[in-house]
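**Q** give me a 3D structure for the following:
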Amino acid sequence: MKMINFLAAAAGVLCAVSLQAQEGRPEHRGFPEPVSDSVWVVNHTQEMVEKYNLTPEQESQVRELNLQYADKLNFKGMRHERGEGKDIRSMSEEERMAFFQQMQERMGEMQEKMQQMREARKVYEEALEGILDKDQFKAYRKDRRRQEGEMQRRMQHRMGGRPGGMGPGGFGGPGGFGPDDF
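**A** Residues are numbered from 1 along each chain as shown. Below is the predicted model:
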């Protein structure tokens, strides 16, 4: 249920970014800039060394694990290019329909990418559990649950505080919106 809410909220953010892509406005307000895999590995490994007091041997193993999974866990591929900046309310019916079709296609791509990331995260965490001691891994899992909760709250806030976001039907689902709403 949490993942459905997260995906719905993520779709809403994607749509909101599209709707706000106007001249002079930041394209990805509130989102960190994507980083290269090598920068992600260095930053993520260093953060783990400091948070969980890793030994030099653990640091080396975690760095190797992070190198192996950087392209699967780094969120760099989920950004959206700025459109021509046309306000959806000024689009013709055909343009609106095409816009919403494109957004639904991007939603499908995003859901697929999120599923791949969840699967990679599971394998990554199984390997990490073999590297960290019991207390370190317990602290890591606690931090991950907290981060996931914070992300879900931020996504809900960006969606106007509506739990569940746009609903299971995507843009036109219960609680959602569609091309006729503009």
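
**Q** CA only for contacts and neighbour counts going forward, please
**A** Fine.

**Q** which positions within stretch 60-75 qualify as buried?
**A** Neighbour-count burial for stretch 60-75, with 16 or more other C-alpha atoms under 10 Å as criterion, is recorded at 61-63, 65-67, 69-75.

**Q** distance of Val39 relative to Ser92?
**A** Per C-alpha to C-alpha, to the nearest Å, Val39 is found 43 Å from Ser92.

**Q** next SSE downstream of the helix or strand where Phe99 lies?
**A** When elements are assigned from DSSP states H and E, Phe99 belongs to helix 93-131. Under the assignment DSSP H and E, the closest C-terminal helix or strand after helix 93-131 is helix 134-158.

**Q** what angle do that following helix and helix 93-131 make?
**A** Our comparison of helix 134-158 with helix 93-131, counting by axes from the mean of the first three to the mean of the last three C-alpha atoms, to 10 degrees, yields an angle of 170 degrees.

**Q** and helix 134-158, what's buried?
**A** Within helix 134-158, the residues that qualify as buried are Gln136, Phe137, Tyr140, Gln152, Arg153, Arg154, Met155, Gln156, Arg158, counting by 16+ other C-alpha under 10 Å.

**Q** and stretch 122-130, by the same measure?
**A** Residues of stretch 122-130 classed as buried under the neighbour-count rule (16+ other C-alpha under 10 Å) are Tyr124, Leu128, Glu129.

**Q** and stretch 35-44, average pLDDT?
**A** If you average the pLDDT over stretch 35-44, you get 85.

**Q** ignore what I typed, I meant stretch 70-86.
**A** Taken as a whole, stretch 70-86 carries a mean pLDDT of 62.

**Q** circling back to that earlier point, now for the helix holding Phe99, which elements pack on it?
**A** Helices and strands in packing contact with helix 93-131 are listed as helix 2-19, helix 56-73; criterion 3 or more C-alpha pairs under 8 Å, 6 or more residues apart in numbering; DSSP states H and E.
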